[in-house]
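with the input below, show me the fold.
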Amino acid sequence: MKSSKKTNPGLTQSTLGCPKSWALMIYVSQRPPQLPAKSGSTVGSGNYVVTVGLGTPKKDLTLIFDTGSDITWTQCKPCAKSCYQQKEPIFDPSQSSTYTNISCSSTSCSQLSSATGNKPGCTSSSTCVYGIQYGDSSFSVGFFGKEKLTLTSNDVFSNFLFGCGQNNQGLFGGSAGLIGLGRDPLSLVQQTAAKYGRVFSYCLPLTSSSTGSLTFGKSARPSSAIKFTPFSKVTEGTSFYGLDTVGISVAGRKLSIAASVFSNSGTIIDSGTVITRLPPTAYSSLKTAFRQAMKNYPLTTPLSLLDTCYDLTKYDTVTVPKIGFSFNGGVYVDLDASRTLFASKVSQVCLAFAANSDDDSVAIFGNVQQRGLEVVYDLAGGKIGFGPSCS
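Here you go, the predicted structure:
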């Protein structure tokens, strides 16, 4: 879910000082944790979720994990303005012995500007107020606090900085909130850097009934199985993970798309965006080639922003061309039908790509295209890796 830089409703502006920042107390664990990752369809979301524990005593919360934003937040009582309906009981900080509000004068509060794109607010009691709005206009506003975070019984972090949402609206389904896995100092990745070395990976499940994983620390796979591409220089100085896209192929044939089309827009990878977005020039070429390869199957009505959909009710077997993405460093990611199609029903199976509004808008490599692949984020090494099928 790509975070935007828009000002949020309900966010009070203030001038901030700069005292102490909070350090994490870390309990040593034997091995990097691997959290079960489930399709967000289990809670009515198109994204992917894990369950973590928050507070003392620990309360389990199902959160969307998002590489396109930084701050972690959950809905909190008393829901001063608005809370949507979520799967678990809403977290009540007053019932946790380890919750503390962050003061407006804290350095941690001032860090919110880079993590959210918005200047923090301040209550009359000097409690720091965060606000973040995402690209789809969903938002969360609330108190900034610190709390004990439990990933596993052996992976417990005190003084974890997070948002305690009091005004939350948007496309979060029944999740309790969101885990920010971006590059900003307030992201979960950076707050746990001393333990996991700023490395994490995930395998998004291919189906709503299967289980994937979100792993912190080095991948258990042999390094030779992972092909790495360096972070794009286009996203230097931002919290996004940039990719240098150099080409797209359909059925093994590289499309005639000028390299400048990709370099002008830039590309980010985002676990919180469902459908891959491309510059219109690139998408037009992809759509034409895909439709040509699928000419034996009848087109049907579009589905929202997906304009290439097929009615496959009369077919027992369907031959779908593979789509390949080439990234800087000789990395090639091959996408079969499970990563190229989005099916609302058998009579409406759509190409899971869409065009941006113009060629200058950033391209986004979305989560449908990442399903079933091991994706490794190595912040320390400045690179992103793609492994073979992990489903």
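
tell me, how many residues neighbour C309?
21 (other CB atoms under 10 Å). In short, each C-beta sits where N, CA and C put it, glycine included.

ok, it - contacts?
Listed by CB atoms under 8 Å, 6 or more residues apart in numbering, the contact set of C309 reads L299, T300, T301, P302, L303, Q348, V349, C350, L351.

could you measure from the residue nearest the centre of the chain over to T238?
With distances taken as CA atoms, centre = their mean, D66 lies nearest the centre of the chain, 2.3 Å away. Using CB to CB, to the nearest Å, D66 is found at 15 Å from T238.

poorly predicted segments of the protein, please.
Segments of the chain classed as low confidence (criterion: pLDDT under 70) are 1-30, 219-223, 391.

please repeat the previous calculation with a cut-off of 80.
Across the chain, residues meeting the criterion (pLDDT under 80) sit at 1-32, 219-224, 391.

could I get the full set of helices for it?
Listed in chain order, the helices of the chain (DSSP state H) span 107-110, 112-116, 188-191, 193-196, 259-265, 280-293, 337-340.

quick one: buried residues of the fifth one?
Burial within helix 259-265, assessed by neighbour count using 16 or more other CB atoms under 10 Å, is assigned to V261, F262, S265.

surely Q166 meets F143?
Yes: contact status for Q166 versus F143: in contact at 6.7 Å, counting by CB atoms under 8 Å.

who touches both of those two?
With CB under 8 Å, 6+ apart, Q166 and F143 have common neighbours C76.

circling back to that earlier point, out of the contacts of C309, which are inside strands?
The members of those that map onto strands under DSSP state E are L299, T300, Q348, V349, C350, L351.

list the contacts of the third one.
Listed by CB under 8 Å, 6+ apart, the contact partners of Q348 are T300, T301, L303, C309, Y310, D311.

which two among the residues you listed are spaced furthest apart?
L303 and D311 (11.8 Å; CB to CB).

Q75 and K81, how far apart?
Q75 is 11 Å from K81, where distance means CB to CB.

with respect to A282, which of the contacts of C309 is nearest?
Within these, the smallest distance to A282 is 13.3 Å, found for L351 (CB to CB).

circling back to that earlier point, would you turn the helices of the chain into a markdown table with distance to F157?
Formatted as a markdown table, the helices of the chain follow (distance: least, CB to CB, whole Å):
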| stretch | distance to F157 |
| --- | --- |
| helix 107-110 | 15 |
| helix 112-116 | 17 |
| helix 188-191 | 7 |
| helix 193-196 | 8 |
| helix 259-265 | 37 |
| helix 280-293 | 41 |
| helix 337-340 | 33 |
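
how about the strands in the stretch 201-350 of the chain?
211-216, 227-230, 242-243, 245-250, 253-254, 267-269, 276-278, 299-300, 309-310, 323-327, 331-335, 341-345, 348-351 (DSSP state E, counting those that start in this stretch).

which one of the ones you listed lies closest to S361?
strand 276-278 (7.6 Å).

same for the closest one, what does it pack against?
strand 353-355, strand 363-365 (3 or more CB pairs under 8 Å, 6 or more residues apart in numbering; DSSP states H and E).

buried ones in the first one, by neighbour count?
Judged by neighbour count (16+ other CB under 10 Å), strand 353-355 contains these buried residues: F353, A354, A355.

with adjacent residues omitted, what lies nearest to the last one?
Meaning A355. Distances taken as CB to CB, 6 or more residues apart in numbering place Y283 nearest to A355, at 3.9 Å, with adjacent residues excluded.
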